[in-house]
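Asker: Pasting the sequence and the predicted coordinates here, then a few questions.
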Amino acid sequence: MRVRRIELAAGTPEQATALARTIRAFAPRPADLGAAVSEILEGVRSRGDEAVLEFSRRFDSENAPAESRVLGDRLDAALQELDSDIRSALETAIANVRMVAEADLKDETLVALPQGQQVRIQDIAVERAGIYVPGGRAPYPSTVVMGCVPAKVAGVDRVVVASPPADNGEPNPVVLAACALCGVDEVYAIGGVQAIAALAFGTPTVPRVDVIVGPGNDYVQEAKRQVTGVVGIDGIEGPSELVVIADEHARAELIALDLAAQAEHGPGTLLVLLSDSDSLLEEVAKEVEQLTFEYESTADAAIALVRVPDLTAAVELANALAPEHLEIASSNAEELTTGVRASGCIFTGQNGGAAFGDYAAGSNHVLPTGGAARFASPLGVATFRRRQALVSLPDGAARALAPHVSSLARAEGFPVHAASAEARAGDRDRA
């Protein structure tokens, strides 16, 4: 890991915003993949399964199967072959994520308005949801849990997983076992842009979905961006991000481990430690150097060690960065959280390692990145449900509202809108 030292002289919002831009520049930006992704999307849109197979054998595995659907008996076999410790861990994660997801479900709301009309607000689950599960650097059964459990809790009719085939022509067996435990309805051995295209547009063998969610490389995220509008998406999940706020009482070895853990996601990872303690910054730098020596998987990432005047300024800088993960390891952690406005997920206290959220704490690990935590939310049941309003207008309400509708409609140059409302009130004189 490459360590960079920075000092924030003062904690004004303007200085925090400027420094946030500097820090974000440490992580390399993805290349412009628009044209390459468009070619694959258009190929699948126009040629369907033929193009899916062509791209799968080019980019995923030369043994990618002509029949991409992974049948249920293979999922059952993968579950039977699963190591018992991994199964127990997955079952714990599923139970915790399900409990949090169920708490996130909202009851419908009925609003009675003064003119006599009623508006009922209700959430309706989408019919089909596609969960993309990466498979490049490593298998991600945890992503199966994070994507599929909320979708099931949300009431989605068909939960579909797409994951790249390995050399044997199938997704990773632990991924398949996780699909079996989560009750996934369909699994396809397809990865990359072609998976997003098949889910978004549909092919003769892959029915289209309504929403696509999940992490993935830059190509996958660009594909999600380009199909937005054809389907819904959860967001653009870029490289992992971790910002840590810590004081002199924090344990340097734990902070270094947390930073190094996220560094395993690759060179584009954003890693930042904000502290008002020179001694802690120095200790973490030494720990990071040792971890880089011990774990080759962490070597490519850059870490910014930022000296802040106080922890209030650290919170202001964290808000400007709007990171995916935010850890607060200080004696007043709970107090500091009240000032956090922009973060995908907050972990507080000395035990608040982001790795717990990545796997089994119950929160979701599909989180907004790239500063999107300013306006976006973690993956949850709301991602798979759409808000719908039902309006009921008794005669009295229609008569009471018609003059207001008529006035506004005519002001906007829409006389037929006005006539439509006036007809319900028995008043067409002005039409």
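Answerer: Looks like it came in fine. Given the structure is predicted, the values throughout are model-derived calculations rather than measurements.
Asker: could you pull out the helices for the stretch 301-431 of the chain?
Answerer: Applying DSSP state H, counting those that start in this stretch to the stretch 301-431 of the chain gives helices spanning 311-321, 333-337, 354-359, 395-411, 415-424.
Asker: what residue ranges in this protein score low on pLDDT?
Answerer: Confidence mapping of the chain against pLDDT under 70 gives the ranges 11, 137, 427-431.
Asker: go with 50
Answerer: By pLDDT under 50, the low-scoring segments of the chain are 430-431.
Asker: domain assignment for it?
Answerer: For the chain, automatic domain parsing gives the domain ranges 2-30+238-361, 34-75+125-235, 393-424.
Asker: Looking at the helices of the stretch 301-431 of the chain, which is nearest to residue 378?
Answerer: When those are compared by CB to CB, helix 354-359 sits nearest residue 378, at 9.5 Å. Where you see a C-beta, it was placed from the backbone N, CA and C, and this is true even at glycine.
Asker: now the closest one, how far from the chain's geometric center?
Answerer: Centroid separation for helix 354-359 versus its chain: 14 Å, with CA atoms, centre = their mean, to the nearest Å.
Asker: Same check on stretch 277-296?
Answerer: Computed by CA atoms, centre = their mean, the chain-centroid distance of stretch 277-296 equals 30 Å.
Asker: cool, stretch 14-21 as well?
Answerer: 25 Å.
Asker: Now do the buried residues in that stretch.
Answerer: By neighbour count on 16 or more other CB atoms under 10 Å, the buried set for stretch 14-21 is 15, 16, 19, 20.
Asker: Is the last one in contact with residue 323, as I believe?
Answerer: No: with contact taken as CB atoms under 8 Å, residue 20 and residue 323 are classed as non-touching, separated by 9.7 Å.
Asker: picking up where we left off before, comparing the domains of the chain, which comes out most buried?
Answerer: Stretch with highest mean neighbour count among those: domain 34-75+125-235 (a mean of 21; mean count of other CB atoms under 10 Å).
Asker: distance of residue 119 from residue 382?
Answerer: Here residue 119 is placed at a distance of 19 Å from residue 382 (CB to CB, to the nearest Å).
Asker: So for those two, which sits in the more crowded spot?
Answerer: Between residue 119 and residue 382, counted using other CB atoms under 10 Å, the more crowded position is residue 382 (17 against 14).
Asker: residue contacts, the more buried one?
Answerer: Residue 382 sits next to 104, 106, 123, 154 when contact means CB atoms under 8 Å, 6 or more residues apart in numbering.
Asker: Phi first, then psi, for the last one.
Answerer: Right, the one you point to is residue 154. Residue 154 adopts backbone torsions of phi -70, psi -20, taken as degrees, to the nearest 10.
Asker: Which members of the contacts of residue 382 are positioned in helices?
Answerer: residue 154 (DSSP state H).
Asker: Closest one to residue 250 out of the contacts of residue 382, please.
Answerer: Nearest to residue 250 among those: residue 104, at 31.0 Å, using CB to CB.
Asker: Give the burial count for the closest one, as a bare number.
Answerer: Applying other CB under 10 Å, we find 16 residues neighbouring residue 104.
Asker: For residue 110, see how far away it is.
Answerer: According to CB to CB, residue 104 and residue 110 sit 21 Å apart.
Asker: try residue 218
Answerer: According to CB to CB, residue 218 stands 45 Å off from residue 110.
Asker: likewise residue 307?
Answerer: With CB to CB as the criterion, residue 307 and residue 110 are 54 Å apart.
Asker: follow-up on the earlier one: make CSV out of the buried residues of stretch 14-21 and add secondary structure.
Answerer: Listed next are the buried residues of stretch 14-21 as CSV, based on DSSP: H, G, I helix; E, B strand; the rest coil:
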residue, secondary structure
15, helix
16, helix
19, helix
20, helix
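Asker: right, and the pair among those with maximum separation?
Answerer: 15 and 20 (9.5 Å).
Asker: Identify the contacts common to these two.
Answerer: Common contacts of residue 15 and residue 20 (CB under 8 Å, 6+ apart): none found.
Asker: quick revisit: out of the domains of the chain, which gets nearest to residue 99?
Answerer: domain 34-75+125-235 (9.4 Å).
Asker: returning to what we had before: of all the helices of the stretch 301-431 of the chain, which one is nearest residue 43?
Answerer: Set against residue 43 and scored by CB to CB, the helices of the stretch 301-431 of the chain come closest in helix 354-359, at 34.0 Å.
Asker: Against which helices or strands is that closest one packed?
Answerer: helix 252-263, strand 325-329, strand 345-348 (3 or more CB pairs under 8 Å, 6 or more residues apart in numbering; DSSP states H and E).
Asker: Please report how far the closest residue in space to residue 303 that isn't next to it in sequence lies from residue 336.
Answerer: The spatially closest residue to residue 303, leaving aside those adjacent along the chain, is residue 271, at 4.4 Å (CB to CB, 6 or more residues apart in numbering). Here residue 271 is placed at a distance of 20 Å from residue 336 (CB to CB).
Asker: do residue 89 as well
Answerer: 31 Å.
Asker: Give me the contacts around stretch 398-405.
Answerer: Here stretch 398-405 makes contact (CB under 8 Å, 6+ apart) with 115, 116, 117, 393, 417, 418, 421, 422, 424, 425, 426, 427.
Asker: The same query, at a cut-off of 7 Å, please.
Answerer: The contact list for stretch 398-405 (CB atoms under 7 Å, 6 or more residues apart in numbering) reads 115, 116, 117, 418, 421, 422, 424, 425, 427.
Asker: What of stretch 309-316?
Answerer: Stretch 309-316 has contacts (CB under 7 Å, 6+ apart) with 8, 10-11, 13, 16, 245, 247, 274, 276, 308, 330, 336, 339-340.
Asker: just checking, which of those residues belong to strands?
Answerer: Among the contacts of stretch 309-316, DSSP state E puts 245, 274 in strands.
Asker: okay if I get the domains of the chain as a markdown table plus distance to residue 95?
Answerer: Formatted as a markdown table, the domains of the chain follow (distance: least, CB to CB, whole Å):
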| stretch | distance to residue 95 |
| --- | --- |
| domain 2-30+238-361 | 9 |
| domain 34-75+125-235 | 9 |
| domain 393-424 | 45 |
